[in-house]
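K.L.:
need a 3D model of the sequence below.
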Amino acid sequence: MLKEFREFAMKGNMMDLAVGIILGAAFGAIVASLVKDVLMPPIGLALGGLDFSNLFVVLKPGAGGAQTYHTVDEAAKAGAVTLNWGLFVNTIINFLIVAVAMFFVVKSLNRLKKKEEAAPAAPPQVEVLLTEIRDLLKQRS
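P.N.:
Next up is the predicted model:
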C-alpha cells in the first residue's frame, strides 16, 4: 500500500498540483499585502482617513458593556460580537485582484495553445512514403 501511495504521489499531475498550491499560497500573501499595504491606504485617505480593516458593526456588546470600540481587536478582547464588513470588503478586493491575475494567466496559456494548434502537423510517415511512390510511378509513365 505504501508503494502504491508513493507511485500516486510521484505522478506528474500530483507534483504539478503541489507546486500550484504552494505558488498560489505565496501569490495570495502577495495580493493580501498589496491590498492591505498599498491599495487600501490611499483609498482610505481619499475617503477621509477611513481604515477599512476597522469598519464593523457591534451586534452584541462585550463584558464591559461598552457600545463603541475603536478597532476590531479591541472589540474582540472585550468579548463583543461584531460584523466585520470592512474586512469583508478587503477580502473581496483580494479576490478580484487574484481573479484578474488568473484571467490573464489563463488567457496567455490559451493563446500559446492556439499557436501550437495552428502550426501544421507533419504528415504521417506512411503518407510521405505513398506520395514518393506515386511520384516515382508518374516518372516511369
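K.L.:
list the buried residues of the one helix or strand residue 21 maps to.
P.N.:
Assigned by DSSP states H and E, residue 21 belongs to helix 12-33. By neighbour count on 16 or more other C-beta atoms under 10 Å, the buried set for helix 12-33 is 31-32. The way it works is simple: take the backbone N, C-alpha and C, and place the C-beta from them, glycine included.
K.L.:
cool, stretch 52-61 as well?
P.N.:
Quick answer for stretch 52-61 (16+ other C-beta under 10 Å): 52-56, 58, 61.
K.L.:
pLDDT on that stretch, on average?
P.N.:
Mean pLDDT, stretch 52-61: 87.
K.L.:
what about it, how long is it end to end?
P.N.:
Start to finish, the residues bounding stretch 52-61 are 21 Å apart (C-alpha to C-alpha, to the nearest Å).
K.L.:
residues contacting residue 106?
P.N.:
For residue 106, no contacting residues are found, by C-beta atoms under 8 Å, 6 or more residues apart in numbering.
K.L.:
now it: phi and psi?
P.N.:
When read as degrees, to the nearest 10, the backbone of residue 106 gives phi -70, psi -40.
K.L.:
thanks a lot, see you next time.
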